[in-house]
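[1] Sequence and computational prediction follow.
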Amino acid sequence: NPKMIDVRTRKIEIMDEAMESDPLIRIKYSAKKASISNSWKKWSGEILGLEKMETIEREREYEDRLSEWIYADSARTRKYGEILPAFREIYPVLGEYLLANNFTGEIMNGIEAVAFAGNLRSLSGLVENKGNNEEINSLKKRLIENSVSFFKDYDSPTDRKLFIALMKIYGQTLDEKWQVPEYRTIRDACKGDFEVLAEKLYSSSVFADEMKFRQFVDDFDLRSVRKLKKDVFFILSNGAAQMTSNRIRPELNRLNAELQKQNRLFMKAQMEFHDERIRYPDTNSTLSVAVGKISGYYAGDAVYLKHYTTLKGILEKDNPEIYDYDVPKRLKELYAAKDFGRYGRDGQINVCFIANNHTTGGNSGSPVLNAHGHLIGVNFDRGWEGVASDMAFNPDQSRNISLDIRYALFIIDKFAGAGYLLKEMTIID
């Protein structure tokens with residue numbers, strides 16, 4: 001959804017700015033940025049791919065042909081005639097609920113103090129309902145212990161910038177009827193001036209300061225419950241959780257159940273319509289093997305991408321001003337000396353290769369085997385032009401990207417000096 005892409009773009013911009021300003025913040029936020037960048041890149045690529053392949057137009061044409069086939073026979077009309085009308089009724093409503101659910105989660109979880117505040121819901125409920133003291137003390141201890149890892153990678157000024165930006169985006173993007181009621185109350189109270197509100201919140205809330213949080217949890221009692229319910233971060237977290245669980249998800253579950261019912265009929269109709277077509281089985285959430293060939297592709301007019309990359313390409317991108325492109329000195333030395341050991345060939349060493357296997361989210365880290373069952377690489381990505389392959393597979397451009405195992409061995413042996421690890425392996429030249 002373009003709206004989800006837009007909000008992630010802003011989050012990444014804020015993180016990038018903070019990471020460029022301080023090496024410590026870079027360390028803290030590198031994994032966080034990476035976790036949201038993957039989907040952001042995928043969504044953007046999917047839109048590009050679907051438009052390029054004219055997928056919507058082709059699907060509409062297919063639906064027209066299927067409809068004509070269904071309504072050409074009275075028995076088929078009785079059996080399948082309600083499928084497409086049902087889809088046209090379900091999907092617009094489903095889309096609205098999905099956006100409300102996903103966008104609210106994207107905003108509230110994107111503000112770390114808000115997401116972190118939700119951890120105190122259980123403790124608050126136990127204390128308020130006069131729960132077992134042993135259970136309360138045990139929960140306090142766990143909360144304090146878990147807070148260490150949170151604050152270790154937390155930067156309050158960066159989170160404050162995210163809060164200001166995301167609160168504005170939430171109000172500007174999502175229709176008021178889908179906004180968390182508590183958000184509207186807070187927005188109206190501060191007259192939409194989230195900068196002033198943020199300055200107050202991040203200097204006073206226990207969720208933006210490790211020592212305040214630890215003390216607050218350690219002393220937590222009924223007075224703390226009252227204080228907690230006045231904290232804006234907790235109010236937003238609690239309000240979002242209540243709205244999604246009470247108003248959005250029950251209807252989402254109902255719509256998805258109806259969709260699944262229609263999908264079964266839709267697949268049955270398609271199998272009758274094209275009874276000669278061989279169809280791939282649904283292997284989602286199963287252990288499966290994909291078979292393909294190493295192959296380059298044309299990424300655009302007169303733009304051909306070879307099936308492999310080399311260390312030479314890494315050196316060509318060297319830029320000390322950009323963290324991710326700052327090539328280590330040791331790697332430069334090995335390249336200059338052409339000291340690739342047994343892993344190079346013809347004065348060069350391969351780094352990655354591409355093949356026409358269909359991969360999807362969750363396949364990163366999968367082993368890549370050759371016809372003899374030898375490990376030759378590790379799958380980790382897809383070519384930009386083929387990320388829409390989950391929805392529309394384009395054999396001309398859908399490519400999975402794998403790390404060449406020879407480069408991995410080179411890094412272990414020659415770069416890291418850990419050649420002793422290779423003694424545990426059987427390496428075939």
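    Looks like it arrived, so ask away. Residues are numbered from 1 along each chain as shown.
[2] got the end-to-end distance for stretch 343-359?
    Using C-alpha to C-alpha, to the nearest Å, one end of stretch 343-359 lies 27 Å from the other.
[3] Could you pull out the buried residues of that stretch?
    By neighbour count on 16 or more other C-beta atoms under 10 Å, the buried set for stretch 343-359 is 343-344, 349-359. Just so you know, the C-beta spots here come from the backbone N, C-alpha and C atoms, and that holds for glycine as well.
[4] Quick check: the farthest pair among those?
    By the measure C-beta to C-beta, 344 and 358 form the most distant pair in these, at 30.9 Å.
[5] Please settle this for me: is residue 288 part of a helix?
    No: read with DSSP: H, G, I helix; E, B strand; the rest coil, residue 288 is coil and lies in no helix.
[6] roughly how far out does the helix or strand containing residue 85 sit from the chain middle?
    Assessed by DSSP states H and E, residue 85 sits inside helix 83-110. Here helix 83-110 is found 18 Å from its chain centre; the criterion is C-alpha atoms, centre = their mean, to the nearest Å.
[7] Ok, stretch 53-67 next?
    In terms of C-alpha atoms, centre = their mean, the centre of stretch 53-67 is found 29 Å from the chain centre.
[8] now the lengthiest strand in the chain, how far from the chain's geometric center?
    Looking across the chain with DSSP state E, the single longest strand is strand 375-382. The chain centre lies 19 Å from the centre of strand 375-382; the measure is C-alpha atoms, centre = their mean.
[9] Which strands border it, and is each parallel or antiparallel?
    Sheet pairing of strand 375-382 (DSSP bridges) gives strand 367-369 (antiparallel), strand 400-404 (antiparallel).
[10] Now do the buried residues in it.
    Across strand 375-382, burial judged by 16+ other C-beta under 10 Å covers 376-382.
[11] Next, format the residues you listed as CSV and append distance to residue 178 and pLDDT.
    As requested, those are exported to CSV (distance: C-beta to C-beta, whole Å; pLDDT from 0 to 100):
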residue, distance to residue 178, pLDDT
376, 49, 97
377, 45, 97
378, 42, 98
379, 38, 97
380, 36, 94
381, 34, 91
382, 32, 90
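[12] Any chance of CSV for these, columns distance to residue 334?
    Listed next are the buried residues of strand 375-382 as CSV, based on distance: C-beta to C-beta, whole Å:
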residue, distance to residue 334
376, 22
377, 21
378, 21
379, 25
380, 22
381, 24
382, 29
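[13] which among the residues you listed gets closest to residue 100?
    Minimum distance to residue 100 across those is 29.5 Å, recorded for residue 382 (C-beta to C-beta).
[14] Quick one: end-to-end distance for stretch 355-369.
    With C-alpha to C-alpha as the measure, stretch 355-369 spans 12 Å from end to end.
[15] still on that earlier bit, outside of the longest strand of the chain itself, list whatever touches it.
    Strand 375-382 is contacted from outside by 352-353, 357, 359, 363-370, 389, 398-405, 408, using C-beta atoms under 8 Å, 6 or more residues apart in numbering.
[16] So which residues of the stretch 1-150 of the chain form helices?
    2-21, 23-52, 55-71, 74-80, 83-110, 112-117, 121-128, 133-152 (DSSP state H, counting those that start in this stretch).
[17] Minimum distance to residue 327: which of those has it?
    Proximity to residue 327 (C-beta to C-beta) singles out helix 23-52 among those, at 17.0 Å.
[18] Pull out the buried positions in the closest one.
    Neighbour counts over helix 23-52 (16+ other C-beta under 10 Å) mark 25-26, 28-29, 32-33, 36, 40-46, 49-50 as buried.
[19] Also stretch 318-330?
    Using 16+ other C-beta under 10 Å as the test for burial, stretch 318-330 gives residue 327.
[20] Only C-alpha atoms, please: export that stretch in PDB.
    Below are the C-alpha coordinates for stretch 318-330, written out as PDB (Å, rounded to 0.1, in the frame of the first residue of the first chain):
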ATOM      1  CA  ASP A 318      34.200   1.900  -1.800                       C
ATOM      2  CA  ASN A 319      33.100   5.200  -0.100                       C
ATOM      3  CA  PRO A 320      34.500   5.900   3.300                       C
ATOM      4  CA  GLU A 321      31.800   8.600   3.700                       C
ATOM      5  CA  ILE A 322      29.000   6.000   3.600                       C
ATOM      6  CA  TYR A 323      29.200   3.400   6.400                       C
ATOM      7  CA  ASP A 324      27.800   0.500   4.400                       C
ATOM      8  CA  TYR A 325      30.200   1.100   1.500                       C
ATOM      9  CA  ASP A 326      33.400   1.700   3.600                       C
ATOM     10  CA  VAL A 327      35.500  -1.300   2.500                       C
ATOM     11  CA  PRO A 328      37.800  -2.600   5.300                       C
ATOM     12  CA  LYS A 329      41.500  -2.100   4.800                       C
ATOM     13  CA  ARG A 330      42.300  -5.800   5.100                       C
END
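[21] from the chain's centre, how far out does that stretch sit?
    Put simply, stretch 318-330 sits 26 Å off its chain's centre (C-alpha atoms, centre = their mean).
[22] circling back to that earlier point, relative to helix 23-52, how tilted is the longest strand of the chain?
    Counting by axes from the mean of the first three to the mean of the last three C-alpha atoms, to 10 degrees, strand 375-382 lies at 80 degrees to helix 23-52.
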